[in-house]
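Trainee: any chance you could fold what I've pasted below:
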Amino acid sequence: MKTLLVGVDFTKSSMNAVNYTIELAKKTKSNVLLFHAIATPLIHTNSGLFFISPSDYSNTESKKLVDLQKKLSIKNKEVTFEIEITYNGLKNKIDKLSKQKKISLVVIGLETKSKLSLFLKSTTSLELVGEINCPIITISKKYKQHSISKVLVAVDHESSINSGLSRRIHAIISFLEVDVEYVHVITEHELNIKNDTNKNIKITTIQADTFEEGISKYVKKSQADLIMLISNNYHPFRNLLIDRHSKKIILSSQIPVISIQK
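Mentor: Residues are numbered from 1 along each chain as shown. Next comes the predicted model:
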């Protein structure tokens, strides 16, 4: 059985991500893992800072997660819900869970256009993409259309579609049971790509002042409800072009964004 991991910090954005994940789970016949990261809270007082007891705080957070699991299980009987809490090492924990639990997707809420869900603390979804071998979907708290029928794959000249990447993309497309369209945005700073490695893929080429503007406009035309971005595998000197494009699209997109490793 496949499992979808969703980050939960009980904000509106994370709860919207939970609802989105549930609909995905129903469609793909997957389990849902409710994942919560606990950091010992600090309290500001006139005499300085002090820590709340980790055990007290942990028990409170655990109870909230268990209560949420029970509530969701009653409402969605066709879905199996599990819970997982971690205290540190967020990226390492998710990476281990992706292998142990056979995580197919990670879903993360986007609190505002400039702030990721508190679930991430100081970690961004882009950093997670670079370090875990699992697709990550980010979704705005304002996005309420919790169904997927078409994915728009954004391709740039750094990420031509070779056979290995094509298999990864199509595995996700098959899992989600959606249509797919490939688009390449040409700006004055980018060259037109040549898709010599896979003749079976049709790539639509459009021109725009920026990559983000081109993708944003084409989303409306294509009626896609999910954008797929491709990231290089993690290394100390991460590709700046992919980082810049991905971050801007993740933080400004009106529809969910799924990021995968190249």
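
Trainee: can you list the weak-confidence ranges in the stretch 101-250 of the chain?
Mentor: 111-132, 156-161, 189-200, 231-245 (pLDDT under 70).

Trainee: in it, which spans are strands?
Mentor: 103-110, 136-140, 150-155, 179-186, 203-207, 226-231 (DSSP state E, counting those that start in this stretch).

Trainee: so which elements touch the last one?
Mentor: Okay, so that is strand 226-231. Packing partners of strand 226-231 (3 or more CB pairs under 8 Å, 6 or more residues apart in numbering; DSSP states H and E): helix 125-131, strand 150-155, helix 163-176, helix 240-252, strand 257-261. C-beta coordinates here come from the backbone N, C-alpha and C atoms, glycine included.

Trainee: export these as JSON lines, with columns for mean neighbour count.
Mentor: Below are those laid out as JSON lines (neighbours: other CB atoms under 10 Å):
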{"stretch": "helix 125-131", "mean neighbour count": "21"}
{"stretch": "strand 150-155", "mean neighbour count": "22"}
{"stretch": "helix 163-176", "mean neighbour count": "14"}
{"stretch": "helix 240-252", "mean neighbour count": "18"}
{"stretch": "strand 257-261", "mean neighbour count": "22"}
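
Trainee: so which of these gets nearest residue 182?
Mentor: strand 150-155 (4.7 Å; CB to CB).

Trainee: and the angle from the closest one to strand 257-261?
Mentor: Orientation check (axes from the mean of the first three to the mean of the last three CA atoms, to 10 degrees): strand 150-155 against strand 257-261 gives 50 degrees.

Trainee: quick one on the thing from earlier: so for residue 15, which of the strands of the stretch 101-250 of the chain sits nearest?
Mentor: Nearest to residue 15 among the strands of the stretch 101-250 of the chain is strand 103-110; the distance by CB to CB comes to 7.6 Å.

Trainee: now do that closest one: distance to the chain's middle.
Mentor: Taking CA atoms, centre = their mean, to the nearest Å, the mean C-alpha location of strand 103-110 is offset from the chain mean by 4 Å.

Trainee: mind saving the C-alpha coords of it as CSV?
Mentor: Written as CSV, here are the backbone C-alpha positions of strand 103-110 (Å, rounded to 0.1, in the frame of the first residue of the first chain):
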residue,chain,number,x,y,z
ILE,A,103,6.1,7.4,0.8
SER,A,104,4.9,8.2,-2.7
LEU,A,105,4.3,12.0,-2.1
VAL,A,106,5.0,14.6,0.5
VAL,A,107,2.4,17.4,0.8
ILE,A,108,3.2,20.7,2.5
GLY,A,109,0.9,23.7,3.2
LEU,A,110,1.8,27.2,2.0
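
Trainee: so what pairs up with the residue nearest to residue 202 when sequence neighbours are not counted in the strands?
Mentor: Among residues not flanking residue 202 along the chain, residue 182 sits closest, at 6.7 Å (CB to CB, 6 or more residues apart in numbering). Here residue 182 sits in beta bridges with residue 153, residue 203, as judged by DSSP bridges.

Trainee: show me the contacts for residue 182.
Mentor: Residues in contact with residue 182 (CB atoms under 8 Å, 6 or more residues apart in numbering) are 152, 153, 155, 161, 201, 202, 203, 204.
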